[in-house]
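Undergrad: please find the sequence and the predicted model below.
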Amino acid sequence: MFAARAARQTFGLFQKRAFSASSSQLSKVAVLGAAGGIGQPLSLLLKLNPHVTELALYDIRGGPGVAADLSHINTNSTVTGYEPTPTGLSEALKGSEIVLIPAGVPRKPGMTRDDLFNTNASIVRDLAKAVADASPEAKILVISNPVNSTVPIVSEVFKSKGVYNPKRLFGVTTLDVVRASRFISQVKGTDPANEAVPVVGGHSGVTIVPLLSQSNHPSLDGEARDKLVHRIQFGGDEVVKAKDGAGSATLSMAFAGARFAESLLKAAKGEKGVVEPTFVDSPLYKDQGVEFFASRVELGPNGVEKILDVGKLPEYEEKLLEASLDGLKKNIQKGIDFVKANP
Ligand SMILES: NC(=O)C1=CN([C@@H]2O[C@H](COP(=O)(O)OP(=O)(O)OC[C@H]3O[C@@H](n4cnc5c(N)ncnc54)[C@H](O)[C@@H]3O)[C@@H](O)[C@H]2O)C=CC1
Ligand SMILES: O=C([O-])CC(=O)C(=O)O
């Protein structure tokens with residue numbers, strides 16, 4: 001009897017402590033490009049996330065409108081919209097734990113992601129400068145394409161300002177993993193909730209390398225395997241084609257971006273074993289001149305905790321990896337050169 005009461009009291013105390021610890025951990029999340037096709041549903045999903053206590057929505061147009069709309073949803077976070085006034089962007093960023101960047105133009109049919117470089121490189125560079133000045137400690141999640149080049153752009157800007165921490169910069173490749181899980185479940189007639197396919201490399205065409213050998217179906221072979229690999233690599237094109245000039249994936253991307261942000265928030269609050277594939281400053285292929293690489297990454301309170309290598313690959317996947325590294329090297333260099341030439 002006494003023991004039971006003591007146990008209840010101890011447990012109650014523990015619960016109280018645990019509650020006050022987590023409730024005192026405020027998480028401000030900023031979205032740059034919040035009024036766009038990705039920005040709006042992404043902000044909606046973040047408004048529904050109980051880990052987020054403050055949502056800052058910035059866009060060159062429409063941020064306050066989206067914020068006013070979302071602010072009526074009865075979850076316990078504040079939502080504020082910001083405009084490109086002299087202090088709008090820095091106010092949005094100040095104190096942010098996470099900054100998501102979906103600002104920039106999307107593809108139209110016939111374009112590659114690299115065709116977006118000329119427009120999006122300067123948008124991402126300028127936003128990165130603002131983040132480096134206003135919230136250099138934030139974890140930055142780059143969604144704007146071409147991710148293989150925009151992530152190196154952010155790193156160069158941060159280096160030039162002396163605030164670069166490779167543990168806090170992420171290219172969001174979660175959509176490739178989401179697609180891989182869904183597409184393999186369609187081939188096999190299974191529930192995608194039970195299908196996880198590691199996807200490594202980068203985020204465009206042949207730089208995307210699905211490791212089917214590490215899925216639940218390592219014996220997939222021949223035409224079925226080739227078709228599936230191609231669909232995962234070029235899944236974005238399906239949406240661009242279907243939208244017929246009205247942009248690229250927005251809703252599935254918002255889902256993927258929100259999943260990645262949630263993983264970071266959980267890891268920041270001490271949850272162990274949170275692993276997401278993401279494009280980061282990585283030691284894995286630096287000896288081959290590839291500075292950034294997407295692989296499975298264990299997340300922790302400071303961002304990157306541990307970068308997991310790709311493991312032993314069969315010959316088929318080794319060949320895919322080779323093509324990926326080749327493409328990545330060029331894409332990464334293009335981003336670095338851009339900032340050097342246009343600081
Ligand atoms: N990483 C990934 O897996 C994916 C990346 N993307 C990329 O995400 C980007 C955005 O796509 P969507 O949302 O469909 O485009 P969108 O055109 O619908 O929205 C972009 C938003 O960015 C805003 N914007 C432009 N310049 C800005 C600046 N300097 N500061 C703040 N906001 C600015 C625009 O006003 C607009 O609201 C594209 O580059 C697209 O290729 C798209 C899908 C998947
Ligand atoms: O295909 C695009 O341009 C947008 C994107 O990155 C994706 O859907 O994976």
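TA: Arrived safely, thanks for sending. Residues are numbered from 1 along each chain as shown. Ligands and ions are numbered 1, 2, ... in the order given.
Undergrad: buried stuff in the helix or strand hosting Gln333?
TA: Secondary structure assigned from DSSP states H and E places Gln333 in helix 315-341. Buried residues in helix 315-341, counted by 16 or more other C-beta atoms under 10 Å: 317, 320-321, 324-325, 327-329, 331-332, 334-336, 338-339. C-beta: built from backbone N, CA, C; applies to glycine.
Undergrad: helix, strand or coil: sort out Asn148 for me.
TA: Three-state call for Asn148 (DSSP: H, G, I helix; E, B strand; the rest coil): helix.
Undergrad: so what's it closest to, chain neighbours aside?
TA: Distances taken as C-beta to C-beta, 6 or more residues apart in numbering place Asn331 nearest to Asn148, at 3.5 Å, with adjacent residues excluded.
Undergrad: also Ala121?
TA: Nearest residue to Ala121, sequence neighbours excluded (C-beta to C-beta, 6+ apart): Phe338, at 5.0 Å.
Undergrad: what pLDDT does that neighbour get?
TA: On pLDDT, Phe338 comes in at 98.
Undergrad: residues in contact with the residue in the stretch 1-150 of the chain that ligand 1 sits nearest to?
TA: Across the stretch 1-150 of the chain, no residue is closer to ligand 1 than Gly36, which sits at 2.0 Å (C-beta to the nearest ligand atom). Contacts for Gly36 (C-beta atoms under 8 Å, 6 or more residues apart in numbering) come out as Asp59, Pro102, Ala103, Thr250.
Undergrad: intersect those with the contacts of ligand 1.
TA: Counting by C-beta under 6 Å from any ligand atom, Asp59, Pro102, Ala103, Thr250 from the contacts of Gly36 sit close to ligand 1.
Undergrad: reformat these as JSON lines; add pLDDT, secondary structure and distance to Asp309.
TA: Shown next, in JSON lines, are the ones next to ligand 1 among the contacts of Gly36 (pLDDT from 0 to 100; DSSP: H, G, I helix; E, B strand; the rest coil; distance: C-beta to C-beta, whole Å):
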{"residue": "Asp59", "pLDDT": "98", "secondary structure": "coil", "distance to Asp309": "38"}
{"residue": "Pro102", "pLDDT": "98", "secondary structure": "coil", "distance to Asp309": "29"}
{"residue": "Ala103", "pLDDT": "98", "secondary structure": "coil", "distance to Asp309": "32"}
{"residue": "Thr250", "pLDDT": "98", "secondary structure": "coil", "distance to Asp309": "33"}
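Undergrad: export the residues you listed to TSV and append columns for distance to Glu223 and neighbour count.
TA: Listed next are those as TSV, based on distance: C-beta to C-beta, whole Å; neighbours: other C-beta atoms under 10 Å:
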residue	distance to Glu223	neighbour count
Asp59	45	27
Pro102	36	27
Ala103	40	24
Thr250	32	20
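Undergrad: report the two of those residues separated the most.
TA: Checking those against each other with C-beta to C-beta, the farthest-apart pair comes out as Asp59 and Thr250, at 14.2 Å.
Undergrad: near ligand 1, which residues of the stretch 151-300 of the chain are found?
TA: Residues of the stretch 151-300 of the chain found near ligand 1 (C-beta under 6 Å from any ligand atom) are Val172, Leu175, His203, Gly247, Ser248, Ala249, Thr250, Met253.
Undergrad: name the SS class of the fourth one, please.
TA: Right, Gly247. coil.
Undergrad: my guess is it contacts Ile38, does it?
TA: No. Counting by C-beta atoms under 8 Å, Gly247 sits too far from Ile38 to count as a contact (9.1 Å).
Undergrad: tell me which stretches of the stretch 101-250 of the chain form helices.
TA: 117-134, 147-160, 174-188, 222-233, 235-243 (DSSP state H, counting those that start in this stretch).
Undergrad: pull out the buried positions in the helix or strand in which Phe293 is found.
TA: Following DSSP H and E, one finds Phe293 within strand 292-300. Going by neighbour count (16+ other C-beta under 10 Å), the buried part of strand 292-300 is Phe292, Phe293, Ala294, Ser295, Arg296, Val297, Leu299, Gly300.
Undergrad: next: stretch 208-217.
TA: Those would be Ile208, Val209, Pro210, Leu211, Leu212, Ser213, Gln214, Ser215, His217, for stretch 208-217 by 16+ other C-beta under 10 Å.
Undergrad: and that stretch, how far apart are its ends?
TA: Start to finish, the residues bounding stretch 208-217 are 19 Å apart (C-alpha to C-alpha, to the nearest Å).
Undergrad: that one close to ligand 2?
TA: No. Contact of stretch 208-217 with ligand 2 (C-beta under 6 Å from any ligand atom) is absent, the minimum separation being 8.5 Å.
Undergrad: other residues contacting that stretch?
TA: Against stretch 208-217 from outside (C-beta under 8 Å, 6+ apart): 173, 176, 180, 184, 188, 190, 194-202, 218, 220, 225, 228-229, 232-233, 310-311, 313-314, 316-317, 320-321, 324.
Undergrad: in the stretch 51-200 of the chain, what residue is nearest ligand 2?
TA: At 3.9 Å from ligand 2, Arg107 is the closest residue in the stretch 51-200 of the chain, using C-beta to the nearest ligand atom.
Undergrad: so Tyr58 is in contact with Ser90, correct?
TA: No. Tyr58 is not in contact with Ser90 according to C-beta under 8 Å; the separation is 9.9 Å.
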